[in-house]
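**Q** Below is the structure, and that's it, no one-letter string:
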């Protein structure tokens, strides 16, 4: 009989699979059923608890994650070779868990953090000067101006300025000015220009592009405009003249930006973006549910937790709809799901094109399985609102924003909506960062925390390795969010990450 290894996890009594907490070598018997493995199975992967015939549903978390594509015996490795994506139940039970979700809001005393109060009533966790390109044509100008300002030492004398960030992108022209791509970029640029983590903004355009600064100002009104300046390369006299004009303007406004000091602010002012990337088989067991606990604690403070990545809740959307605060909230989320079904079909894709190869190597087999884990980041409280990509988030509580699953695009939308911090769980490892809102990265396993210590702000692997309660890990994440909001530097900030992760979602015709 094969040797028993570390105890596998059974996540729900109805599950037909168990999750290995450690690598099981060939010849071992991880389930203790007298069925030795013929080949090794990595940690985080699944083994069959029961025999399954071809076409049988595979259950994890008590939910369908796929169907068996061939007969599966007890103790078999269950993965892409014998389990595939299948249709999921879309007979939604809207609002049936709303009372339980309301009861799930923790009772906590009000807390504060040290933040930057802005004139519009919002509060920053950082104080940046932002250079924003309206079009690809001005991307090099703002990058060169940023590099020259940083090299000059100009920022050294301003302790309350966190730095200068160049937000460049690859679009802004060759688009329908009345199309969805324009509307999205419009919201993204304005959301970053007036972001609470930005003390002053310089918009830089070429001058003749579709994305006109004046039109943006007219559309959104005067809110926040006291903090920004605009110029064009054509109107300023060319590339070198524009770089010099940007540098002169920044030198002039730095004393004003630096004059804003941190003061005690209610945690209710926080908008926290929830992200996951490079997920593995432990994401749904450790980091994501722990972040869900932290999300509930944020909601209890009157803050906002923003779940996104619509393709990565596919198959788990009913778990959110069951706690939708109103039918209108549910209808909007369902409409977004339907849009993604049409969008992938029109482009010859499938909602199961996600998970990625790395996700699969980490033990995730189908999008249904991945989504069940990703949705756990949203905790247990009511779904208070649903937003389109890059819409300004103004509702407190747990909310959802429609975004792609691609992390830079998704986080860009959340930050445009006002998120002052991004919390990013990862199982395979990530080198993600973001500006002007810093990213906190959380490892799902002890192994990853040890492997990438310079990138991970904390780990949740002790939930498995040492039996740490998920509630304890969630409180630790909440405490880290609060410390970060007060100015504690994250690992991604220390590494200088974030300049290249500004990626607005490009939708519609490129002409």
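**A** That came through, no problem. On a predicted model such as this, the values are computed, not experimentally measured, just so you know.

**Q** for residue 23, phi and psi?
**A** In terms of degrees, to the nearest 10, the main-chain angles of residue 23 are phi -60, psi 130.

**Q** Find me the pLDDT at the closest residue to it other than its chain neighbours, would you?
**A** Leaving out its chain neighbours, the residue that sits closest to residue 23 by C-beta to C-beta, 6 or more residues apart in numbering is residue 43, at 5.0 Å. For the C-beta atoms, the positions are set from N, CA and C on the backbone; glycine is no exception. Here, the pLDDT recorded for residue 43 equals 92.

**Q** Next: the one 5 residues further on.
**A** What the model reports for residue 48 is a pLDDT of 94.

**Q** measure it to residue 423 for me?
**A** Distance, residue 48 to residue 423, by C-beta to C-beta, to the nearest Å: 34 Å.

**Q** Quick check: the gap between residue 96 and residue 321.
**A** According to C-beta to C-beta, residue 96 and residue 321 sit 9 Å apart.

**Q** neighbour-wise, which of these two wins?
**A** residue 321 (22 against 13; other C-beta atoms under 10 Å).

**Q** Quick check: the gap between the more buried one and residue 95.
**A** Taking C-beta to C-beta, one finds residue 321 at 8 Å from residue 95.

**Q** list the residues that contact both of those two?
**A** Common neighbours of residue 321 and residue 95 (criterion: C-beta atoms under 8 Å, 6 or more residues apart in numbering): residue 330.

**Q** quick one on the thing from earlier: could you check which of residue 48 and residue 423 is surrounded by more residues?
**A** residue 423 (29 against 22).

**Q** Nearest spatial neighbour of the more buried one, chain-adjacent residues omitted?
**A** In space, residue 423 is closest to residue 440, 4.8 Å off (C-beta to C-beta, 6+ apart).

**Q** can you map out the strands along the stretch 151-300 of the chain?
**A** With DSSP state E, counting those that start in this stretch, the ranges of strands along the stretch 151-300 of the chain come out as 163-167, 198-205, 228-232, 263-266, 271-276.

**Q** average pLDDT for the second one?
**A** The one in question is strand 198-205. Mean pLDDT, strand 198-205: 96.

**Q** now what about that strand, what contacts it?
**A** 116, 124, 127-135, 137-138, 141-142, 161, 172, 189, 192-194, 211-213, 227-233, 242, 246, 249-250, 253, 256-257, 260, 436.

**Q** domain assignment for this protein?
**A** With domains defined by automatic domain parsing, the chain comprises 1-84, 124-263, 268-494.

**Q** which stretches of the stretch 301-450 of the chain aren't confidently modelled?
**A** By pLDDT under 70, the low-scoring segments of the stretch 301-450 of the chain are 354.

**Q** about what we covered before: show me the contacts for the residue nearest to residue 423.
**A** Taking C-beta under 8 Å, 6+ apart as the test, what residue 440 contacts is 421-424, 457-458, 477, 480-481, 484, 490.

**Q** now, which of the residues you listed lie within strands?
**A** Judged by DSSP state E, strands contain the following of the contacts of residue 440: 421-424, 458.

**Q** ok, those vs residue 373, which is closest?
**A** Of all these, residue 373 sits closest to residue 424, with 14.3 Å by C-beta to C-beta.

**Q** what residues are up against the spatially closest residue to the closest one that is not a sequence neighbour?
**A** Nearest residue to residue 424, sequence neighbours excluded (C-beta to C-beta, 6+ apart): residue 275, at 4.3 Å. Residues counted as contacts of residue 275 (C-beta under 8 Å, 6+ apart) are 308-309, 407, 410-411, 414, 422-425, 432, 439.

**Q** Could you measure from residue 455 over to residue 261?
**A** The spacing between residue 455 and residue 261, counted by C-beta to C-beta, is 31 Å.

**Q** Look at these two and report which has more neighbours.
**A** Using other C-beta under 10 Å as the criterion, residue 455 and residue 261 rank with residue 455 on top: 22 against 11.

**Q** My assumption is that that one lies in a strand; please confirm.
**A** No. Read with DSSP: H, G, I helix; E, B strand; the rest coil, residue 455 is coil and lies in no strand.

**Q** Just the ones of the contacts of strand 198-205 in helices?
**A** Mapping these onto helices (DSSP state H) picks out 141-142, 189, 192-193, 213, 233, 242, 246, 249-250, 253, 256-257.

**Q** Quick check on these: which are buried?
**A** 141-142, 189, 192-193, 213, 233, 242, 246, 249-250, 253, 257 (16 or more other C-beta atoms under 10 Å).

**Q** Closest one of those to residue 473?
**A** Nearest member of these to residue 473, counting by C-beta to C-beta, is residue 192, at 31.7 Å.

**Q** any idea how far the closest one is from residue 417?
**A** Applying C-beta to C-beta to residue 192 and residue 417 gives a distance of 10 Å.

**Q** likewise residue 180?
**A** Per C-beta to C-beta, residue 180 is found 17 Å from residue 417.

**Q** same deal with residue 494?
**A** 26 Å.

**Q** so what's residue 438 up against?
**A** So, once contact is read as C-beta under 8 Å, 6+ apart, residue 438 ends up touching 125-126, 421-422, 484, 489-490, 492-493, 498.

**Q** again, but for residue 107
**A** So residue 107 contacts residue 300 (C-beta under 8 Å, 6+ apart).

**Q** hang on, it in a helix?
**A** No. The assignment for residue 107 (three-state DSSP) gives coil, which keeps it out of a helix.

**Q** Quick check, pLDDT for it.
**A** Looking at residue 107, the pLDDT reads 95.

**Q** which phi and psi does it have?
**A** Phi and psi for residue 107, reported as degrees, to the nearest 10, are phi -90, psi 110.

**Q** in the stretch 1-150 of the chain, which segments are predicted with low confidence?
**A** Using pLDDT under 70, the stretch 1-150 of the chain drops low at 1-6.

**Q** mind listing the strands for it?
**A** Using DSSP E, counting those that start in this stretch, strands in the stretch 1-150 of the chain cover 17-19, 46-48, 57-60, 63-68, 77-78, 83-84, 112-117, 123-124, 128-133.

**Q** Compare the ones you listed and give me the one nearest residue 154.
**A** strand 128-133 (10.3 Å).

**Q** ok, residues contacting the closest one?
**A** By C-beta under 8 Å, 6+ apart, strand 128-133 touches 139, 141-142, 145-146, 161-169, 172, 189, 192-193, 195, 197-205, 246, 250, 253-254, 257, 435-436.

**Q** what angle do that strand and strand 163-167 make?
**A** Interaxial angle, strand 128-133 versus strand 163-167 (axes from the mean of the first three to the mean of the last three C-alpha atoms, to 10 degrees): 20 degrees.

**Q** I'd like to know how far the most centrally placed residue in the chain sits from residue 426.
**A** By C-alpha atoms, centre = their mean, the mean C-alpha position of the chain lies nearest to residue 275, the distance being 2.3 Å. For residue 275, the distance to residue 426 (C-beta to C-beta) stands at 9 Å.

**Q** what sits in contact with each of those two?
**A** Common neighbours of residue 275 and residue 426, using C-beta under 8 Å, 6+ apart, are residue 432.

**Q** dump the residue contacts of the nearest residue to residue 102 once chain neighbours are set aside.
**A** The shortest distance from residue 102 to any non-neighbouring residue, by C-beta to C-beta, 6+ apart, is to residue 382 (5.9 Å). Residues near residue 382 by C-beta under 8 Å, 6+ apart: 98, 101-102, 323-325, 397-398.
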